[in-house]
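Peer 1: Turn this into a structure:
(2 chains)
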Protein chains: 2
Amino acid sequence: MENFNYYIPTKILFGKRKIESLGKEAAKYGKNILMVYGKGSIFKENCYGTSLYEQAKKSLEEANLTIFELPNIDPNPRIESVYAGAKLCREHSIDLVLAIGGGSTIDCAKGIAGQAKYEGDIWKCYETKDPSPIQEVLPIASVLTLSATGSEMNGSSVISNLSCNKKIGLTTSKFRPVFSILDPSYTFTVNRKQTASGSVDIMSHIFEQYFTPDHGGYLQNRMMEGVLKTVIHYAPIALEEPDNYEARANLMWASTWALNDMFEKGKIPTDWATHQMEHELSAFYDITHGVGLGILTPYWMQYVLSNENQHRFVEYGKEVWNLTGTEEEIAKKSIEKTREFFTSLGIPAHLKEVGIGEENLEVMAKQATQRRPLGAMKKLYAEDVLAIFKMAL
Amino acid sequence: MENFNYYIPTKILFGKRKIESLGKEAAKYGKNILMVYGKGSIFKENCYGTSLYEQAKKSLEEANLTIFELPNIDPNPRIESVYAGAKLCREHSIDLVLAIGGGSTIDCAKGIAGQAKYEGDIWKCYETKDPSPIQEVLPIASVLTLSATGSEMNGSSVISNLSCNKKIGLTTSKFRPVFSILDPSYTFTVNRKQTASGSVDIMSHIFEQYFTPDHGGYLQNRMMEGVLKTVIHYAPIALEEPDNYEARANLMWASTWALNDMFEKGKIPTDWATHQMEHELSAFYDITHGVGLGILTPYWMQYVLSNENQHRFVEYGKEVWNLTGTEEEIAKKSIEKTREFFTSLGIPAHLKEVGIGEENLEVMAKQATQRRPLGAMKKLYAEDVLAIFKMAL
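Peer 2: So this is what the prediction gives:
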C-alpha cells in the first residue's frame, strides 16, 4: 500500500426530510447564501407535496439567511456560469455557495466559489489542471438530486468551455463541500436515462480506481467490489421502481463513496483514461457523461487487457460476477458481463447511436493526450485512444 | 436505509515514516503535549533502527513542543490512569493528549482528555454511558501500534474499574482524535497472540454491525464483507511473516474502517451483544479482549441463528466464505468456518482454556444485562447470556 493522507471532513446529512436542517447548517457559515441550481426540476412537485426550491428556501429563511440565486446551470456546466456566479458572490458578499442539483451544479458551484476570491481567470487553472494559484475558496455546500458524480463529498470540479471544445476537471481539497444533504427521495423523479447513466458513472469511478497496475490496495479493492455489487443490484430496481427508497438510497450513498477519494488512497496511480476520453466526447458533442462512459468502458477493457494485468480482470469477474472457468475465460467474460449489464440499463454500445461519427475522432484523440499519455493500467497515446474510439464507433 | 449524519473529520497520516509529520501536526493544537503510552514496547528498537519513543520525541522537539509523559498504561486501561493523566493536563496546561500505542492507550487518552476539563468524576459518565455532562474535551491524537480497536478514528473509549469489576465503553464525537498516524511498520513486532486477537477484534467489530435485524444497509454489508475478506486473507500472512508490510498495512487500515462508524450509519440498531458479554470476561478476569471475542462469537452465532435471520448468515456464508448448499447448510457452515478460522489463528475455543470456570458466570450474565437486554439480532436477557457463557465453557 502506498503512503497517503486521508482527510474528508465533509458532513453528510443523509435521509428523508434532511432538508429541514439546511438553514441551521448553512447559518454556520454566514448570512448571505448563493443558491446555484439547474433548469427547472428544482421547481417540480416532489414526493413531499412541495418543490425542493420551496423546501430549501423555507429552511434558509427560517434561519434568517438572505438568499441570492443563480439558476439555469447546464448539464455540462459552462465557464460562463462560473464567471456569472463569481460576480454575484462579489456583489453580494456571499458567505456560502449552495448547489442544489446533481454533479454539474455542484461542480459549477465549486468553480464559482473558487473564482469569487481569485483575481485571475480560474479557467486557466482548469486548463493547466493546477489549483495552486487559488488561495481562498468560499465555503461550498450541496443538496444532491442525482446519484452519479460524487461531487457532493469530493474536491473535483469539471467545467466545459464550448468556445474551445474543452471539458476539464480540476481537483483541490479546497473544493470539498463543508456539508451535503443527501435525501434519496429527491431522486425518485430522475428519469430512466439519467438513472442509468448515473449508475454507469458510479461504476466507472470504481473501475478507474479498481483497475490499477499495482497489486496493493487489497482492502480498497474488496470494498470497491462491494460498491459495484450494490449498483448492479439496485440500478435495475431503481429503473423498474423509480420511488423504491432502498434502491435510491443505496445508489446515492454508493455514488458518494465511489468518488470521495477513500478508495484511491494507497492505490495511486489510478487510471482515469476512460474519463478523459469521455470528456472529449462531451466537449465536442455535449452528450451525457454516463452514456459516453458506458459506451467506452468495455472497449477500454478489451483494449488494455493483457497477460500482465489479466489477473485483475479475473479478480473482478470472480468477485463481482461470480464467474467460473479458466483465467482467460473469466477475464473475457467479465468484460462481456459489463457490456451486457450496461445494455440492460438501456445504455448504447456504439458512438454512432449518440450521433458521433468519424469526423472528429483524430482531433479528439490528439486533444485527450496533448498533455501526456492517458491511463495507468496501460499508457494510452493518441493512436491508442483513436483505436478505442474506432472500436466504439 | 435509516437516516443518519456522517461526520468523520479525523485526519489519517498512513504509511512509512509518517511519524516525521507528528510535530508539525501536533503543533497546530498548541505547545504542551501529554504523551500517553504503555509498558515498554515504545522503547524497543523498531525496523527504523531506533525506537518509536525516540522518533516521536524527535519530531515533537523539532517542532519546539514541550513534552510531558504518562507511561505504564495497562492493556485494559484503568480509571486510575485517567485520573492521573487529567491531573497532569491541569498542572501543565496540556494542549494535546497524544496516545502512542494500541486501542487501550488511545482509549485511556480519551478518558484523560475528557476528565481534564470536567469537574465531575468522568467514571460516572462511563457507568451511565452518558457523555452529555462532558462539555469540553482536550484535542486527542494518536500514533497507532496495534491493529484492532479502531479507536484511532472513532469516538469510543473503554475503561476498566477493577475495584468494582467493571469495563465500560463511552462514546462521544468529542472523543474522536484530531489526527492519527498509522505506520504499519510499527506492528511488525506485534506478537502472534496479539496479531491474532487484534484480527478477531476487527472481525468482531464488523459482525456487530453486519448482523443486524433489518434488511437495509446493502452497500454497508457488501463493504463490510470486503473488510472481512481482507482480514481472512492477511491475518494468516501476518502470523507467518510478521514484517510483511502489505499484510500489516491492510490489517491496519481494515481495523480503522471496521469501527470508525462508517458502516453503522444507516444500519442502527447494531448488535454489540458479543462485545458487552466479553467486557464482563475482561472485567472479571483481565483476559485479552480479542481472545474473549474469539471464544464467544461462534457461540453467539449459534445461539441467535433462527429461521427469521437465517438469510443473514446465508449472505455471510456465500459472500465471505463462498459456501454452497441449502440455505440451512450454508448458515451452519458459515459459523463453523468462523470457528475454524479463529482456531487457525491460535484463538482458544473454550473459556476454560483461559482460566474461566463456572464461578462467576451468573453474576457476569446479570451484570452484562443490568441496564437492558443485550443485542439487536436477538434480545439477550441474563438467562440467554448465561446460556452462551455455558456453551462457551
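
Peer 1: pLDDT value on the spatially closest residue to A:G103 that is not a sequence neighbour, please?
Peer 2: The shortest distance from A:G103 to any non-neighbouring residue, by C-beta to C-beta, 6 or more residues apart in numbering or on different chains, is to A:T149 (2.8 Å). C-beta coordinates here come from the backbone N, C-alpha and C atoms, glycine included. Per-residue pLDDT puts A:T149 at 93.

Peer 1: which element is A:T149 on?
Peer 2: Counting by DSSP states H and E, no helix or strand carries A:T149.

Peer 1: Could you check how far A:Q310 is from chain B?
Peer 2: With distances taken as C-beta to the nearest C-beta, to the nearest Å, A:Q310 is found 20 Å from chain B.

Peer 1: Quick check: that residue touching A:E328?
Peer 2: Yes. Using C-beta atoms under 8 Å, A:Q310 is in contact with A:E328, at 7.0 Å.

Peer 1: Would you enumerate the residues in contact with A:C125?
Peer 2: A:114, A:131, A:133-134, A:170 (C-beta atoms under 8 Å, 6 or more residues apart in numbering or on different chains).

Peer 1: Make a ChimeraX selection of the buried ones in these.
Peer 2: Remark: buried members of the contacts of A:C125, expressed as a ChimeraX selection using 16 or more other C-beta atoms under 10 Å in any protein chain shown:
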select /A:114,131,134,170
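
Peer 1: Same list (the contacts of A:C125) but as TSV, adding secondary structure, pLDDT and distance to chain B.
Peer 2: As requested, the contacts of A:C125 are arranged in TSV below (DSSP: H, G, I helix; E, B strand; the rest coil; pLDDT from 0 to 100; distance: C-beta to the nearest C-beta, whole Å):
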residue	secondary structure	pLDDT	distance to chain B
A:G114	helix	98	22
A:P131	coil	97	20
A:P133	coil	97	24
A:I134	coil	97	21
A:L170	strand	97	23
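
Peer 1: between the contacts of A:C125, which is closest to A:A26?
Peer 2: The closest of those to A:A26 turns out to be A:G114 (C-beta to C-beta; 19.1 Å).

Peer 1: give me every residue that touches that closest one.
Peer 2: Residues near A:G114 by C-beta under 8 Å, 6+ apart: A:122, A:125, A:131, A:134, A:137, A:157, A:172, A:174-175.

Peer 1: And for A:I181?
Peer 2: Contacts for A:I181 (C-beta under 8 Å, 6+ apart) come out as A:13, A:18-19, A:21-22, A:25, A:141-144.

Peer 1: mean confidence for the host helix or strand of A:V320?
Peer 2: Secondary structure from DSSP H and E places A:V320 in helix A:310-321. Throughout helix A:310-321, pLDDT has a mean value of 96.

Peer 1: repeat for stretch A:76-91
Peer 2: 97.

Peer 1: okay, now the domains of chain A?
Peer 2: A:11-186, A:191-392 (the TED database).

Peer 1: Phi and psi next, for A:S157.
Peer 2: When read as degrees, to the nearest 10, the backbone of A:S157 gives phi -140, psi 130.

Peer 1: thought it was touching A:T105?
Peer 2: No. Contact criterion C-beta under 8 Å: A:S157 and A:T105 do not qualify, at 11.0 Å.

Peer 1: center of chain A, which residue is that?
Peer 2: A:T149 (2.0 Å; C-alpha atoms, centre = their mean).

Peer 1: and that residue, what does it touch?
Peer 2: Here A:T149 is in contact with A:102-104, A:106-107, A:201, A:205, A:255, A:259, A:289 (criterion: C-beta under 8 Å, 6+ apart).

Peer 1: Just the C-alphas of stretch A:198-209, formatted as CSV.
Peer 2: Below are the C-alpha coordinates for stretch A:198-209, written out as CSV (Å, rounded to 0.1, in the frame of the first residue of the first chain):
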residue,chain,number,x,y,z
GLY,A,198,-25.7,7.9,-13.2
SER,A,199,-25.3,4.3,-12.3
VAL,A,200,-22.7,3.8,-15.1
ASP,A,201,-20.9,6.8,-13.8
ILE,A,202,-20.7,5.3,-10.3
MET,A,203,-19.3,2.1,-11.7
SER,A,204,-16.9,3.9,-13.9
HIS,A,205,-15.5,5.8,-10.9
ILE,A,206,-14.8,2.5,-9.3
PHE,A,207,-13.2,1.0,-12.4
GLU,A,208,-10.9,3.9,-12.7
GLN,A,209,-9.6,3.2,-9.2
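
Peer 1: so A:L70 bridges to which residues?
Peer 2: Bridge pairing for A:L70 (DSSP bridges) gives the partners A:V36.

Peer 1: looking just at contacts, which helices and strands does the lengthiest helix in chain A meet?
Peer 2: Taking DSSP state H as the criterion, chain A has its longest helix at helix A:218-240. If you count contacts as 3 or more C-beta pairs under 8 Å, 6 or more residues apart in numbering or on different chains; DSSP states H and E, helix A:218-240 packs onto helix A:192-210, helix A:245-258, helix A:310-321, helix B:218-240, helix B:245-258.

Peer 1: now those helices in a markdown table, with mean neighbour count and distance to A:V231?
Peer 2: What follows is these, written out as a markdown table (neighbours: other C-beta atoms under 10 Å in any protein chain shown; distance: least, C-beta to C-beta, whole Å):
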| stretch | mean neighbour count | distance to A:V231 |
| --- | --- | --- |
| helix A:192-210 | 25 | 5 |
| helix A:245-258 | 26 | 6 |
| helix A:310-321 | 20 | 10 |
| helix B:218-240 | 22 | 9 |
| helix B:245-258 | 26 | 20 |
